[in-house]
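**Q** fold the following for me, if possible:
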Amino acid sequence: EGNPDDHYIRPAAAANWTVASAQRNLSIVGAGNASGIASQGGKYQVYLRGHADVTTGAVLTIAAHGVTIENLAFHRGGVTSNGLLRLYGDGTDANNAHNSSINNCMFRWWNQNTPDCAVTIVDSWYTGIYNSIFYNCKDGIAIKGVQSTIKDVTIQGCKFFGLAADISADIRLWGSNSDFLVIRNCDFAHMTPSGGTNKFISAQGGMTSNGGTIMGCRFSDNITAGTEISTITNMKIVDCFDSAGAINTGS
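**A** Down below sits the predicted model:
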């Protein structure tokens, strides 16, 4: 269960949590910031843990505008699909997580063979993931345009570490295109993914990110832009470094 000072919160009923579309502008904030290097990636006081009997659906699904998630860690229950946190939209004006943000959170041990990642953003615009930790996540963040082109997603100050060559993707872009996707000041602190389509940053063939930038990121191994980072049309790589130096392209 972890440190005895940690607080694991589980759903009371046999269902995981959902913030429905009517619950706009809600903030879910943990009791304290992460501190130190205890365990893996700092010590988080409050864990949201999925229900042990739920085998589908994310631990927490957000389908409302303007929701803030902060100072929380996420832990699997019985879930085997849809990841740990899902910002979900269905292409309508009402049912989506537009303008939602994730701040100073930890996602760990997401290693399932699933099309969704630890955090999945589906048809939700103007979202951000900031200063968060992805520890031992085979699949980290997915940005999926199903009904729409995703607009203005920012991933900033995040750290991906723990797993080595068996990682699938730290950040994955698929479905429709993405306008103004920014990946900034992130640390990819593990060995280079290998085998098949495994990458630090992955995109389906032909994906376009209009106005997109990968900026100020560090990769702990010697990589090739366009290989371990998918070539994404119109996406610049600026002020990024691996173990051998700069890896900028398109700047």
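
**Q** look up how far Ser148 lies from Glu179.
**A** Quick fix: residue 179 reads Asp, not Glu. Plainly put, Asp179 is 10 Å away from Ser148 if you go by C-beta to C-beta, to the nearest Å. From N, CA and C alone the C-beta is placed, and that goes for glycine too.

**Q** give me the residue ranges of this structure where confidence is low.
**A** Residues of the chain that meet the criterion pLDDT under 70 lie in 1-6, 32-44, 113-115, 163-165, 176-177, 195-196, 205-207, 224-226, 231, 249-251.

**Q** center of it - which residue?
**A** A centroid search over the chain (C-alpha atoms, centre = their mean) returns Ile141, at 2.9 Å, as the residue closest to the centre.

**Q** give me the distance between that one and Met191.
**A** Computed with C-beta to C-beta, the distance linking Ile141 and Met191 is 19 Å.

**Q** and the closest residue to Trp110 other than its chain neighbours, how many neighbours?
**A** Nearest residue to Trp110 in three dimensions, chain neighbours excluded: Ala118, at 3.8 Å (C-beta to C-beta, 6 or more residues apart in numbering). Taking other C-beta atoms under 10 Å as the criterion, the count of residues near Ala118 is 31.

**Q** repeat that for the one 4 residues further on.
**A** The tally of other residues near Val122 (other C-beta under 10 Å) stands at 25.

**Q** for it, what are phi and psi?
**A** phi -120, psi 110 (degrees, to the nearest 10).

**Q** returning to that earlier point: so what are the sheet partners of the one helix or strand the residue nearest to the centre of the chain maps to and their directions?
**A** Using DSSP states H and E, Ile141 sits in strand 139-145. Neighbouring strands of strand 139-145 in its sheet, by DSSP bridges, are strand 119-122 (parallel), strand 169-175 (parallel).
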